[in-house]
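> Let me see the structure of the following:
(one chain, ligands or ions: 1)
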Amino acid sequence: MSKIYNWAILGCGKIATKFANDLKLLPNAKLYAASSRNLERAQNFANDFGFEVAYGSYEEMVADKNVDVVYIATPHSFHHKHTLLCLKNKKAVLCEKAFAMNVHEVEEMIACAKDNNTFLMEAFWTMFQPSFNQAMEILNSGELGKLKIVRSDFAFNAPVLEDKRLYNPKLGGGSLLDIGIYPVFAALSSLGVPDTIKSFAEFSSTGTEESINIIFQYQNGEMANLTSSFSSYSPTQTEYLCEKGYLVLNPRWYTPTDITIWKEGGELRTIESQHREGFGYQYEAKHVMECLDSELIESPKMSWEMSMKLMGILDRIRIDAGIFFPDHDQELFF
Ligand SMILES: NC(=O)c1ccc[n+]([C@@H]2O[C@H](COP(=O)([O-])OP(=O)(O)OC[C@H]3O[C@@H](n4cnc5c(N)ncnc54)[C@H](OP(=O)(O)O)[C@@H]3O)[C@@H](O)[C@H]2O)c1
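Below you'll find the model as predicted:
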């Protein structure tokens with residue numbers, strides 16, 4: 001029987017509401033603390049979801065001895081700072097994607113987890129979706145032959161609002177770290193780290209990247225074609241093109257979804273998603289508690305190596321496309 005874990009939320013914004021909703025589905029997760037820069041916001045959030053306590057600062061929350069694990073749901077530009085704050089106070093951390101702004105920040109976060117012997121994982125929820133995992137099993141079984149090309153996209157039309165996260169360079173704005181990270185993950189998780197990257201970006205009036213097209217090439221002939229954008233809509237699906245057929249993770253491919261398969265000489269076949277409850281954030285939260293039950297400080301599934309590779313590729317894409325975050329990239333690029 002698993003221990004009951006006291007969860008805390010750091011940053012009561014949009015994604016935190018969805019995550020808290022799904023946390024309620026897990027019997028061994030106690031919705032314990034909500035923390036915000038603003039006490040009233042924390043209290044409202046706590047009341048909405050049934051958290052026991054509310055804190056008007058993140059610092060007060062991490063000082064609470066009863067908190068076991070913190071879900072960090074602030075904009076990417078704060079992930080490094082807020083992760084270090086939690087780990088130094090010996091709180092296990094599940095931190096939203098993008099894990100940080102660049103690979104140096106990720107390295108420091110991992111070093112801090114080791115120094116404090118405390119659990120740290122990137123909240124890359126797609127890695128834990130049953131449909132994504134089923135697709136990987138089918139591809140790895142060899143049924144469709146060798147995987148040759150990955151095509152993946154994620155786009156929606158988001159109005160330019162300068163003070164909002166998506167277009168604010170100080171908050172890590174731009175489609176790449178927000179949604180382009182998913183197509184990059186689709187290629188990384190199936191084909192590995194690319195040998196060559198070419199990327200082409202368009203920029204918004206605030207100077208942040210608005211749309212990006214990325215091509216990966218691998219020495220043994222595989223390729224990936226990846227797109228993200230805040231200026232148009234896309235199906236938001238991932239296609240795995242193989243020698244004997246193809247597999248499609250249907251829209252919205254990074255969430256619980258149906259799978260379509262076509263094999264040489266056969267008919268199109270659909271595997272329906274078995275997911276019934278919640279948005280799909282419960283799978284990653286459940287995994288975190290399984291890791292804590294086993295006294296792990298690193299997830300065997302969403303490993304530190306995976307997060308380092310993902311961020312390393314995002315850095316390479318940004319260098320190629322000329323996307324810089326001056327507040328964070330000094331060490332990396334200048
Ligand atoms: N996994 C997913 O499906 C998914 C989906 C959406 C977003 N995300 C990720 O989750 C993170 C948060 O996204 P979101 O859309 O929830 O963001 P958001 O609503 O714009 O902001 C999240 C919260 O961050 C806190 N915050 C702390 N300092 C801030 C500052 N200087 N400016 C703005 N907010 C600040 C605020 O909470 P308080 O005021 O309460 O302190 C704010 O409500 C991002 O890294 C994003 O990539 C993941």
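
> Tell me if I am right that residue 226 is in a helix.
No - assessed with DSSP: H, G, I helix; E, B strand; the rest coil, residue 226 is strand; it does not lie in a helix.

> What pLDDT is listed against it?
Listed pLDDT for residue 226 reads 99.

> Assign a three-state SS to the closest residue to it other than its chain neighbours, would you?
Of all residues not flanking residue 226 in the chain, residue 183 sits nearest, at 3.7 Å (CB to CB, 6 or more residues apart in numbering). For the C-beta atoms, the positions are set from N, CA and C on the backbone; glycine is no exception. The three-state label given to residue 183 by three-state DSSP is helix.

> pLDDT weak spots in the stretch 1-150 of the chain?
Residue ranges of the stretch 1-150 of the chain with pLDDT under 70: 1.

> Please compute how far stretch 143-154 lies from its chain's middle.
The chain centre lies 21 Å from the centre of stretch 143-154; the measure is CA atoms, centre = their mean, to the nearest Å.

> Ok, stretch 45-52 next?
That offset, for stretch 45-52, works out to 24 Å (CA atoms, centre = their mean).

> Output it in CSV with nothing but the alpha carbons.
Extracted in CSV, the C-alpha atoms of stretch 45-52 (Å, rounded to 0.1, in the frame of the first residue of the first chain):
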residue,chain,number,x,y,z
PHE,A,45,-7.4,28.0,-5.5
ALA,A,46,-7.3,26.0,-2.2
ASN,A,47,-11.0,26.5,-1.8
ASP,A,48,-11.8,25.5,-5.4
PHE,A,49,-9.9,22.2,-5.1
GLY,A,50,-10.0,21.4,-1.4
PHE,A,51,-6.3,22.0,-0.5
GLU,A,52,-5.9,22.2,3.3
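
> so the residue nearest to residue 226 makes contact with residue 229?
No - contact status for residue 183 versus residue 229: not in contact, 10.8 Å apart, counting by CB atoms under 8 Å.

> Quick check: residues of this protein near the ligand?
Neighbours of the ligand within the chain, by CB under 6 Å from any ligand atom: 11-15, 36-38, 41, 73-76, 78, 96-97, 123, 125, 165, 171, 178.

> Filter those residues down to just the ones in strands.
Among the residues of the chain next to the ligand, the ones falling in strands (DSSP state E) are 96, 123.

> what sits against the closest residue to the ligand within the stretch 201-334 of the chain?
Minimum separation of the stretch 201-334 of the chain from the ligand (CB to the nearest ligand atom) falls at residue 281, amounting to 7.2 Å. Residues counted as contacts of residue 281 (CB atoms under 8 Å, 6 or more residues apart in numbering) are 18-19, 21-23, 125.

> for residue 166, same thing?
Per CB under 8 Å, 6+ apart, neighbours of residue 166: 158, 173-175, 178, 208, 230.

> Okay, domains of the chain per the record?
Domain assignment for the chain, taken from automatic domain parsing, gives 5-124, 130-274+312-333.

> Out of these, the one nearest residue 293 is which?
domain 5-124 (8.7 Å; CB to CB).

> Mind telling me which residue of the stretch 151-300 of the chain is nearest the ligand?
residue 165 (4.2 Å).

> same deal with the stretch 1-150 of the chain?
Closest point on the stretch 1-150 of the chain to the ligand, by CB to the nearest ligand atom, is residue 13, at 2.4 Å.

> Run a quick neighbour tally on that residue.
Residues lying near residue 13 (other CB atoms under 10 Å) number 15.

> what sits against it?
73-74.

> what's the offset of stretch 167-177 from the middle of its chain?
On CA atoms, centre = their mean, the centre of stretch 167-177 falls 15 Å from the chain's centre.

> Next: stretch 195-206.
20 Å.

> So for it, what gets flagged as buried?
Under the neighbour-count criterion of 16 or more other CB atoms under 10 Å, stretch 195-206 has 197, 199, 201, 204, 206 buried.

> Could you export these to JSON lines, including columns for secondary structure and distance to residue 141?
Listed next are the buried residues of stretch 195-206 as JSON lines, based on DSSP: H, G, I helix; E, B strand; the rest coil; distance: CB to CB, whole Å:
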{"residue": "197", "secondary structure": "strand", "distance to residue 141": "29"}
{"residue": "199", "secondary structure": "strand", "distance to residue 141": "32"}
{"residue": "201", "secondary structure": "strand", "distance to residue 141": "37"}
{"residue": "204", "secondary structure": "coil", "distance to residue 141": "43"}
{"residue": "206", "secondary structure": "coil", "distance to residue 141": "46"}
